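Asks: Test case, fold it:
(2 chains)
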Amino acid sequence: MSRLGPLLVLGAAACVAALSVGFSSATFGGTDTNVAVPSVRRLTEAQYRSSIDDLFGSDVEVVGRFEPDMRVDGLAAVGASAVSITPGGLEQYHAIARHIAEQVFDPAHRDKLVGCAPGPDDADGANCAASFIGRVGSKLFRRPLGLAQIRAATVQTLASAKQLGSFDAGLGAMLTGMLTSPGFLFRVDTPAQSGPSGAIDAYSKATRLSFLLWNAPPDEKLTTAAGSGALDTPAGLQAQVDRMVASPRFAGGVRAFFTDFLQLGDIDNLSKDALIYPAFSTSVAEATREQTLRTITDLLVEHKGDYRDLFTTHRFAMTRALGPIYDVPVTRPGWSIYEFPAGDPREGLLTQASLLALHSHPGRTSPTLRGKAIRETLLCEKIPSPPANVNFAVVQDVNNPTLKTTRQRLEAHLDDEECASCHKATDGLGLGLEKFDGAGQFRRTEHDMPIDVTGKFDKAPFDGAGNLGRLFHDSPKVSQCLVKTAWRYANGRNIEPSDQAQIDRLNQSFPANGYRFIDLMRTIALDPAFYALQRVSRSAPERTARAATERGTHS
Amino acid sequence: MKQHLSRRGFMLRGVLGGATVAVGVPILDAFLNDSGTAYAATLGGGHLPVRFGTWFWGCGMIPERWVPQKAGRGYDLPPQLQPIKAVQDQVSVLSGFDVMLDGKANLPHISGNTAVRTGEASETWQGIKSPTFDVLISDAVGGGSFFRSLDLSLDGNPQTSYSFRNGASMNASIPSPVELYQKLFGADFHDPNKADFQPDPKFMVRRSVLSAVSDQRRTLLASVGAADRARLDQYFTSVREMEDKLALQLQKPPPAEACIRPEAPVPIRGDITDLGVRKANHKLMTQLLGMALACNQTRTFNMNFDTAAAELRRAGDTTGYHQSTHEELIDRSVGYQPTVDKFAVGSMEAWADFVATLASIKEGDGTLLDNMFVVAHSEVSFAKNHDVTGIPVMLAGRAGGKVKTGLHVTGAGEPISRIGLTAQQIMGVPIDSWGSGAMRSNRAVSEILV
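Replies: The predicted model follows:
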């Protein structure tokens, strides 16, 4: 312990309480056989960013590369309950935190964000440090700090300040420490001290609710409702949920859900061959994602719409950068809604360039990747692993060099029983989207051959993406998949048999409420089960072993 | 001020799974010099440290054009191995080592890679049961340097990494030379050869704040379930490693004769998936890595030339390397897939460049490479079939005199886990066998051992 001399040891020891705020000391059985435990979720990059944004404002930049999120069965929200922080990842968080602290204490921000300094009435700055730590700490840890905790952190801060010869540097080091501590980087529930057993406390409730509806930490009003006990009453909870859903920030929560659900984060790493797709670029890629998110919030939030209409909508958010991809004139600056005429090939989510380009190769389409993404994401199906004895050597008949279209090439897979086990499931739907190239641009032919976009979805025939979208609109599989995904997103875990009753209830209320996405989120947020500790009966390796294949998909 | 370098990384040994911990078994003696200091070598402590790394390339090779006919020294160089001609005496080629799937499915581009890295084929990375062997080695030797390991990718994607502690814990890669430079040679870099050294109080303060974070460990771990306890423990291990790193910043680094702080790299322009651009980027990254090693910034690394199911292309081609492996017709006039061949040769050119670059850095009586042990491998042999038998492996470096180079060793269908076992034993990991099921082996590749 005596690493740095007695003064700092005192500071370090005393600081424990300050940084460990938010953790219950309640202990649980070590074997985890059906015990109630807090959920532990790592903040996602977006949640980290929104936390800093809320606290310090958007002109404090968050610069750096985050430890990548991990998807479990498609969702980073579920992966957040399985990941930790590696040594390399912690270095990144620490560097990001140092940069934030530098900005908070730079001349451009200091007055506004710190608001006090050592002076005649506060010679060493103890009062200033305490007020900053109390204010910032309660925001970062998402619950108020106790006086003893603030005092201990202040002692540490003053010791650092002395060592560095600067009050600001000392307080900046404390801020860096708070931003690197587990109370900020992880969301760990605190069990309720009173009330029904197995519930979480009011501040943990506020945190779950806020990240669900806004993908951001609780605001002042929600924290106050938690502190006053209002959030523990049905009426108080209802009032907060209504307020939050009506807030403009709800759109941010909906964007976060669909970014995770549709895996739109992957667009960050999307690149296309510049010679083959000259209209495509990094900024176009960005715009395709924004288009999809704006199309979604326009329909589901602003128009309080029916989720199923997403698959048939003609209303696409549009901006100039996307004009060449969609072959439409865009004269207005910024974003606006463009309405495609009836009969236009652009109809519904399946025909948006974001998904079409994301699930293609850099220089061409991939019905396999598109079909797999649709099956796994929008239909919640799992593409089976190839059988153990599969012989990949049969994929291609080298004596038959006549496979001109993508469909012909892929049908070679379907002739073989072993390949067909996977490719029948994936390729059929993907081939229906073949009139959109690898960058999402419409085309009628491939190598001068007409493109056949017929197929079957659940025994119903379709001809092209518009048809397929209408089948999706009417398919209970599609709406039930959304229910499942929203539940998993909210709870940060996969569905257990004991959760099925909740899912069944949602599957009834969702259609009864006109498939309105807002109502689905509201129902989840009002359900007491959403605020329960987690019942655990399995061990960690089993939990991760169930995870889906996320890499290495071929074709 | 006593240096505190206890390694909590060892606490995670509980997840070792396939490995048998056999501390004190005589087999280790083979790897120790008389005084035992080779194993215990620390930075600049009179012995040059032995560094370990992996070099990964995707989509394997075409066996008839890669596997040498002649075993032992002076092996022949088939067409795809021609690029290594200039460094042949520094490179051993290991052919014919197989992945045993033990009745599991062959998940394309995953089963082979997880088997090479963990000693057991898995259908997903998230499903792996034990750490990759580079992590086991960095647990053993990674302490005492600024970075436990440098994980590097050249496709701009931090998720291109095959280094995992467990299925939920991937060591993300540094995806660009510019970022690597900042990390290594940015504001926190101390030139080990500079005469004066003043410990910077900011490192002391950072460390004391972090140690306060560390001190929450017990309370926090007690508040959660068993699975989450392991996750949070891993977080606290990371905190402890950073404290150790800050402790190093407070000491004058021992001199490192080969260390020269390089100039900041100029980013390579162009399509990062293009083979030519990729090779140029790789060259830049390799030069920085060489200096990172020479300057004792790390002792272990993973260099990913491309991904499994290689995404490499040539700008303007609709079909990339990976798709070509499955779809390109065999040119009957030559008997192989010509595009696939070009990419495989390109990958070998990059590997030869890697070896030559590290061998060009003088250190002690020899070169940096002499004090390294590098395992290069792919995830398949013949990519067209996703073949996991005879996955190609190459070795470079003499591991400080413990390893012979310039040999062709044939595995004759033995498990490829023998190679991971050998690497761990060379680097001083105290195990006598490694791998699971049919992949379990207790036989090192003795042909390469001095």
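Asks: residue ranges for the helices of the stretch 1-150 of chain B, please.
Replies: Along the stretch 1-150 of chain B, the stretches classed as helices by DSSP state H, counting those that start in this stretch are B:37-40, B:111-118, B:133-141.
Asks: between these, which gets nearest to residue A:325?
Replies: helix B:111-118 (35.5 Å; Cβ to Cβ). Placement of C-beta: from N, CA and C, glycine included.
Asks: which strands and helices sit next to the closest one?
Replies: helix B:133-141, helix B:417-426 (3 or more Cβ pairs under 8 Å, 6 or more residues apart in numbering or on different chains; DSSP states H and E).
Asks: Same list as before, those that is, but in TSV and with mean neighbour count, mean pLDDT and distance to chain A included.
Replies: Listed next are the helices and strands packed on helix B:111-118 as TSV, based on neighbours: other Cβ atoms under 10 Å in any protein chain shown; pLDDT from 0 to 100; distance: least, Cβ to the nearest Cβ, whole Å:
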stretch	mean neighbour count	mean pLDDT	distance to chain A
helix B:133-141	25	95	9
helix B:417-426	26	98	20
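Asks: Among those helices, which comes closest to residue A:177?
Replies: Proximity of the helices and strands packed on helix B:111-118 to residue A:177 was assessed by Cβ to Cβ; the nearest stretch is helix B:133-141, lying at 26.2 Å.
Asks: Give the next helix or strand downstream of the lowest-mean-pLDDT helix or strand in chain A.
Replies: Least confident helix or strand, chain A: helix A:6-19 with a mean of 32, by mean pLDDT, DSSP states H and E. Toward the C-terminus, helix A:6-19 is succeeded by strand A:35-37 as the next helix or strand (DSSP states H and E).
Asks: dump the residue contacts of the residue of chain A positioned farthest from its centre.
Replies: Here chain A reaches farthest from its C-alpha mean at residue A:120, the gap being 48.0 Å by Cα atoms, centre = their mean. For residue A:120, the contact set (Cβ atoms under 8 Å, 6 or more residues apart in numbering or on different chains) is empty.
Asks: Look at it and report its pLDDT.
Replies: For residue A:120, the model assigns a pLDDT of 96.
Asks: helix or strand for the closest residue in space to residue B:357 that isn't next to it in sequence, which one?
Replies: Nearest residue to residue B:357, sequence neighbours excluded (Cβ to Cβ, 6 or more residues apart in numbering or on different chains): residue B:286, at 4.7 Å. Counting by DSSP H and E, the element that carries residue B:286 is helix B:275-294.
Asks: Same question for residue A:132.
Replies: Applying DSSP H and E, one finds residue A:132 within helix A:126-141.
Asks: which other helices and strands contact that helix?
Replies: Using 3+ Cβ pairs under 8 Å, 6+ apart, helix A:126-141 sits against helix A:45-56, helix A:147-164, helix A:167-180, helix A:182-185.
Asks: ok so, going back, which parts of the helix holding residue B:286 are buried?
Replies: Buried residues in helix B:275-294, defined by neighbour count with 16 or more other Cβ atoms under 10 Å in any protein chain shown: B:275, B:277-282, B:284-294.
Asks: Restrict it to CA atoms and write it as PDB.
Replies: In PDB, the C-alpha atoms belonging to helix B:275-294 read as follows (Å, rounded to 0.1, in the frame of the first residue of the first chain):
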ATOM      1  CA  LEU B 275      -3.600  -5.600 -51.600                       C
ATOM      2  CA  GLY B 276      -1.000  -3.000 -52.600                       C
ATOM      3  CA  VAL B 277      -2.200  -0.400 -50.100                       C
ATOM      4  CA  ARG B 278      -2.500  -3.100 -47.500                       C
ATOM      5  CA  LYS B 279       1.100  -4.100 -47.900                       C
ATOM      6  CA  ALA B 280       2.300  -0.500 -47.700                       C
ATOM      7  CA  ASN B 281       0.300   0.000 -44.500                       C
ATOM      8  CA  HIS B 282       1.700  -3.300 -43.100                       C
ATOM      9  CA  LYS B 283       5.200  -2.100 -43.800                       C
ATOM     10  CA  LEU B 284       4.600   1.000 -41.800                       C
ATOM     11  CA  MET B 285       3.000  -0.800 -38.900                       C
ATOM     12  CA  THR B 286       5.900  -3.400 -38.900                       C
ATOM     13  CA  GLN B 287       8.500  -0.600 -38.600                       C
ATOM     14  CA  LEU B 288       6.600   0.900 -35.600                       C
ATOM     15  CA  LEU B 289       6.200  -2.500 -34.100                       C
ATOM     16  CA  GLY B 290      10.000  -3.200 -34.400                       C
ATOM     17  CA  MET B 291      10.800   0.000 -32.500                       C
ATOM     18  CA  ALA B 292       8.100  -0.800 -29.900                       C
ATOM     19  CA  LEU B 293       9.900  -4.100 -29.300                       C
ATOM     20  CA  ALA B 294      13.400  -2.600 -29.400                       C
END
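Asks: okay, now the residue lying closest to residue B:339 once chain neighbours are set aside: neighbour count?
Replies: Distances taken as Cβ to Cβ, 6+ apart place residue B:324 nearest to residue B:339, at 4.6 Å, with adjacent residues excluded. The tally of other residues near residue B:324 (other Cβ atoms under 10 Å in any protein chain shown) stands at 23.
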